[in-house]
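A.B. asks: coordinates for the following, if possible.
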Amino acid sequence: MPDFVPDAPWDVGARVGCLHAVVERAGLDLVRVEDFAPARLDELREFHDESYVREQPDGPWTDAGRAAVGAARELCRRIWAGELDNGYALVRPSGHHSERASPGGGCLFATGVLTVLEARRLGARRVLVVDWDAHHGNSQQTAFFSDPSVLTISIHQDRRWPAGTGGLDARGTGAGFGSSINVPVPPGAGGGVYREVFDRVVTPAADRFRPDFVLVACGFDSGYLDPSARLCLHSGDYGWMTERMADIAARHARGRLLLTQEGGYALGYLPLCFLRVLEALSGGESGIEDPFLARWGEDFAAAVSVEAAETVARCAAYVPDIG
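C.D. replies: This is a model prediction of the structure:
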């Protein structure tokens, strides 16, 4: 990352800075990758319009966006080559709301999309993208809506943001019909709902699709203390979801799993959620407990409402169309 990246609405430097502190203090067996080049302009144009790339002003925010893409693609290369089992691109700004010709939601360049394109350049034939940020992963849907080689699954709060995207009916088009799955869960959905989504949608879809590379757009704003949404995941839920994604990657993709940092704005709780993800990726234990769970327990959001169950059932019915 550039030495100085200015704060922006919903993306203050402390948001990722506190996560870097977790890496330093967790005591986990981690490999830090800091040797990477910022994305070149021609690499950004693999998804973004040339005019959009050219109009970005010189400065720290653009530098940070290029560095984020470069870091994620470098991790992708190392994972594909077998140098790393998995990876986490701890970068800012986020990327999953950036469209071909416009930014959105604090996202400048579509980091996840450009990383998928790098995986395909390296030889990946089928790429699975799971986005568990609280807000719809519209950049992935836009990029691969007609592409049967990329399966995108977005689990997000229903009608939260961006407006008009992420509906159940957005399932892909042409040859890519069935390769886009949106799971718009109602406010209040927590670990119980997400376990249903993984058991009935994510895992069966992945098993039919058989990806050889797996990418997760890892937003922590679906956490129950986050100010930007009204979902109820706790730190243990993020660890559990990461373990499930690692299982999918192990079955189909030789373990190739890459997570990219997206949203997450509850600075007091964010590090605990991130820590559980790191533990799941590394197979280690930090010994650091979640004091919130000690007070409330892990099952406070285990209930599945009728509305949520109906949504999951409709999405589960789409799974036979995949593969």
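A.B. asks: and the longest strand for this structure?
C.D. replies: Longest strand in the chain by number of residues, with DSSP state E as the criterion: strand 150-157.
A.B. asks: what mean pLDDT does that strand get?
C.D. replies: On average, the pLDDT along strand 150-157 is 98.
A.B. asks: check stretch 170-188 too.
C.D. replies: For stretch 170-188, the mean confidence score works out to 96.
A.B. asks: re the thing from before, so what does the longest strand of the chain touch, helix or strand wise?
C.D. replies: Counting contacts by 3 or more CB pairs under 8 Å, 6 or more residues apart in numbering; DSSP states H and E, strand 150-157 is packed against strand 127-131, helix 138-144, strand 180-185, helix 203-209. Backbone N, C-alpha and C define where each C-beta goes, glycine included.
A.B. asks: and the first one, what does it pack against?
C.D. replies: Judged by 3+ CB pairs under 8 Å, 6+ apart, the packing partners of strand 127-131 are helix 111-122, helix 138-144, strand 150-157, strand 213-218.
A.B. asks: out of these, which is closest to L28?
C.D. replies: The closest of the helices and strands packed on strand 127-131 to L28 is strand 213-218. By CB to CB, the value is 16.6 Å.
A.B. asks: residue ranges for the helices of the stretch 151-300 of the chain, please.
C.D. replies: 191-197, 203-209, 235-252, 270-282, 291-296 (DSSP state H, counting those that start in this stretch).
A.B. asks: any chance of CSV for those helices, columns mean neighbour count and distance to A101?
C.D. replies: Formatted as CSV, the helices of the stretch 151-300 of the chain follow (neighbours: other CB atoms under 10 Å; distance: least, CB to CB, whole Å):
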stretch, mean neighbour count, distance to A101
helix 191-197, 23, 32
helix 203-209, 20, 29
helix 235-252, 21, 31
helix 270-282, 22, 31
helix 291-296, 12, 41
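A.B. asks: residue ranges with poor pLDDT in the stretch 1-150 of the chain?
C.D. replies: Scanning the stretch 1-150 of the chain for pLDDT under 70 picks out the ranges 1-4, 9-10.
A.B. asks: all the helices of it, in order from the start?
C.D. replies: Secondary structure of the stretch 1-150 of the chain (DSSP H, counting those that start in this stretch): helices at 13-25, 41-44, 50-55, 60-80, 111-122, 138-144.
A.B. asks: circling back to that earlier point, okay, the helices of the stretch 151-300 of the chain in CSV with mean pLDDT and distance to D131 next?
C.D. replies: Compiled in CSV, those are given as follows (pLDDT from 0 to 100; distance: least, CB to CB, whole Å):
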stretch, mean pLDDT, distance to D131
helix 191-197, 98, 12
helix 203-209, 98, 13
helix 235-252, 98, 12
helix 270-282, 97, 15
helix 291-296, 89, 25
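A.B. asks: I'd like those as CSV, with distance to Y318 appended.
C.D. replies: Below are the helices of the stretch 151-300 of the chain laid out as CSV (distance: least, CB to CB, whole Å):
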stretch, distance to Y318
helix 191-197, 12
helix 203-209, 8
helix 235-252, 18
helix 270-282, 27
helix 291-296, 33
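A.B. asks: for the residue nearest the centre of the chain, which residues are in contact?
C.D. replies: Nearest to the mean C-alpha position of the chain, counting by CA atoms, centre = their mean, stands A217 at 0.8 Å. The contact partners of A217, by CB atoms under 8 Å, 6 or more residues apart in numbering, come to 95-96, 112, 129-133, 137, 140, 259-260, 262.
A.B. asks: so what's the residue count around the closest residue to H48 other than its chain neighbours?
C.D. replies: Computed as CB to CB, 6 or more residues apart in numbering, the closest residue to H48 that is not its neighbour in sequence is R100, at 5.6 Å. Counted with other CB atoms under 10 Å, residues neighbouring R100 total 15.
A.B. asks: measure A67 to F109 for me?
C.D. replies: Separation of A67 from F109 (CB to CB, to the nearest Å) stands at 10 Å.
A.B. asks: let me fix that, I meant to ask about D199.
C.D. replies: Relative to F109, D199 is positioned 34 Å away (CB to CB).
A.B. asks: of the two, who's got more company?
C.D. replies: F109 (27 against 13).
A.B. asks: surely the more buried one touches H96?
C.D. replies: No. Applying CB atoms under 8 Å as the test, F109 and H96 come out as separate, 10.7 Å apart.
A.B. asks: quick check: neighbours shared by those two?
C.D. replies: Counting by CB under 8 Å, 6+ apart, nothing touches both F109 and H96.
A.B. asks: now the common contact residues for A67 and F109.
C.D. replies: A39.
A.B. asks: re the thing from before, switch the helices of the stretch 1-150 of the chain over to JSON lines; also include mean neighbour count and distance to S154.
C.D. replies: Below are these laid out as JSON lines (neighbours: other CB under 10 Å; distance: least, CB to CB, whole Å):
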{"stretch": "helix 13-25", "mean neighbour count": "16", "distance to S154": "21"}
{"stretch": "helix 41-44", "mean neighbour count": "16", "distance to S154": "23"}
{"stretch": "helix 50-55", "mean neighbour count": "13", "distance to S154": "23"}
{"stretch": "helix 60-80", "mean neighbour count": "22", "distance to S154": "18"}
{"stretch": "helix 111-122", "mean neighbour count": "24", "distance to S154": "11"}
{"stretch": "helix 138-144", "mean neighbour count": "24", "distance to S154": "7"}
